[in-house]
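Novice: no sequence for this one, just the structure:
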């Protein structure tokens, strides 16, 4: 005897010939948002368990993360460059600014972690401004890094789960639309929504097994000088102050993503294959569902897309920066605004040459700092640098940034005006530094009050 399962309720719209033709929505809609949301799966505690909803963009996600799997089979199925896990999930790949250690002489191009520090420094409000001739708004941000104790292969701290708990909304809606489709007798829509829930949940669970670690210098050489130095950009400057072991994670370190099963990453390849199968089945079969079933399918996709959009709006780089600063024990930052490059160079030179931090018999050379900011080799700039260095190296004497008539006699009228203007900038920077020296020195003492 044949048994027929009757629908719990009859939907009138199913009696019409109206068809939504949702097949194009299933695989392509919301792909970028899903990728951005997936990039947070390692950053929030418990996020890997909260992917059980019918997520859109399965084709885009499969194509993106399938490139992690490296073998002849996977490369043929998901062609493209074999990037590292950290690069695929956006944890590496952004170049940082040039770093120069004023005591050690180290000069290098930094990486992703220095880039994050620079981005955070741009958000810091200037606490004071040095008066003077205005050309371009500039700034010097001082970051005191100390006792961070970030070691090679240390696991990065994770963020709180409270944002990720909003996943309960798309999970509930996906399950509700799935059950409602079954109750209306549309088992095809039920199966396709359930397929989306399973493929998304399994993929999130597998990819979330990775751990974010710090890859840095294993151990600083004994006896190295302080790593105080400059991250130099076009308009802004970040001065890092601290021991070599504390600054190395910023200048030489990076995030590393440890995923089980490397280097082939077969499980991620299988998840990408599952997502690809979801795309093909939903593309081909959702038009065969009833109109009500298609509506339920779209409702589940829209709810999931809204949640993914929320996660992508949290800005993974900002989350990475919060994780880095948490590992560094939230180093204090102080920003001083300046109005021209000459004043900025002198101000930074004064901060770095502070005798309370400068090691005895250090190899600090003020002229090299000034040249780092302004490398121009003209007669005016060379004279300006020589005069500024001469004044800065005086001890216990009143500084005078004025040249005598005999010193100026060999310059043309235009050169004299320029030189006098640049020396006034140097004087303003010197006065501004001493006006705010209490703020500059007090941020060092604030390190003792930082949370662990």
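Specialist: That came in fine, so what should we check first? Small disclaimer: the values here were computed from a predicted structure and weren't measured.

Novice: For burial, what's the neighbour tally of the residue nearest to residue 309 when sequence neighbours are not counted?
Specialist: Closest residue in space to residue 309, ignoring its immediate chain neighbours: residue 33 at 4.9 Å, by CB to CB, 6 or more residues apart in numbering. Heads up, the C-betas are built off the backbone N, CA and C, glycines and all. Residue 33 is flanked by 23 other residues according to other CB atoms under 10 Å.

Novice: pretty sure residue 33 is touching residue 312, no?
Specialist: Yes - with the criterion set as CB atoms under 8 Å, residue 33 and residue 312 qualify as a contacting pair; they are 4.9 Å apart.

Novice: tell me the pLDDT at residue 360?
Specialist: Per-residue confidence at residue 360 stands at 63 (pLDDT).

Novice: follow-up on the earlier one: how near is the residue nearest to residue 309 to residue 283?
Specialist: Between residue 33 and residue 283 the distance is 19 Å, computed by CB to CB, to the nearest Å.

Novice: Any chance you could list what contacts stretch 308-326?
Specialist: Among residues not part of stretch 308-326, those counted as contacts by CB atoms under 8 Å, 6 or more residues apart in numbering are 30, 32-34, 36-37, 39-40, 43-44, 55-57, 90-91, 94, 113, 116-117, 119-120, 156-159, 163, 166, 212, 255, 331.

Novice: List buried residues within those residues.
Specialist: Buried residues within the contacts of stretch 308-326, counting neighbours by 16 or more other CB atoms under 10 Å: 30, 33-34, 36-37, 39-40, 43-44, 55-57, 90-91, 94, 113, 116-117, 119-120, 156, 158-159, 163, 212, 255, 331.

Novice: Which ones among those residues map onto strands?
Specialist: Counting by DSSP state E, the part of the buried ones among the contacts of stretch 308-326 found in strands is 212, 255.

Novice: Residue 376 in helix, strand or coil?
Specialist: Using DSSP: H, G, I helix; E, B strand; the rest coil, the secondary structure recorded for residue 376 is coil.

Novice: and it, how many neighbours?
Specialist: By other CB under 10 Å, 10 other residues sit near residue 376.

Novice: again with the one 5 residues further on
Specialist: Neighbourhood size, residue 381 [other CB under 10 Å]: 18.

Novice: Next up, the contacts around it.
Specialist: For residue 381, the residues meeting the contact criterion (CB under 8 Å, 6+ apart) are 374, 422.

Novice: How much space separates it from residue 166?
Specialist: Counting by CB to CB, the separation of residue 381 from residue 166 is 56 Å.

Novice: quick one, strands of the stretch 351-452 of the chain?
Specialist: In the stretch 351-452 of the chain, no segments count as strands under DSSP state E, counting those that start in this stretch.

Novice: what's the span of stretch 232-249 from first residue to last?
Specialist: Stretch 232-249 has its terminal residues 17 Å apart, counting by CA to CA, to the nearest Å.

Novice: Which positions within that stretch qualify as buried?
Specialist: Taking 16+ other CB under 10 Å as the basis for neighbour counts, the residues of stretch 232-249 that come out buried are 232-233, 236-249.

Novice: Please state the offset of it from the chain centre?
Specialist: For stretch 232-249, the separation from the chain centroid amounts to 16 Å (computed by CA atoms, centre = their mean, to the nearest Å).

Novice: same question for it, mean pLDDT?
Specialist: So the average pLDDT for stretch 232-249 ends up being 89.

Novice: Could you pull up the residues touching the closest residue to residue 134 other than its chain neighbours?
Specialist: With CB to CB, 6+ apart as the criterion, residue 134 has its nearest non-adjacent residue at 4.1 Å, and that residue is residue 339. Under the criterion of CB under 8 Å, 6+ apart, the contact partners of residue 339 comprise 129, 130, 131, 132, 133, 134, 135, 136, 137, 138.

Novice: Residue 393 now?
Specialist: Shown in contact with residue 393 (CB under 8 Å, 6+ apart): residue 366.

Novice: which stretches of the stretch 151-300 of the chain aren't confidently modelled?
Specialist: The stretch 151-300 of the chain contains residues with pLDDT under 70 at 151-160, 163-164, 217-220.

Novice: Now with 80, please.
Specialist: Applying pLDDT under 80 to the stretch 151-300 of the chain flags the ranges 151-165, 216-225, 262.
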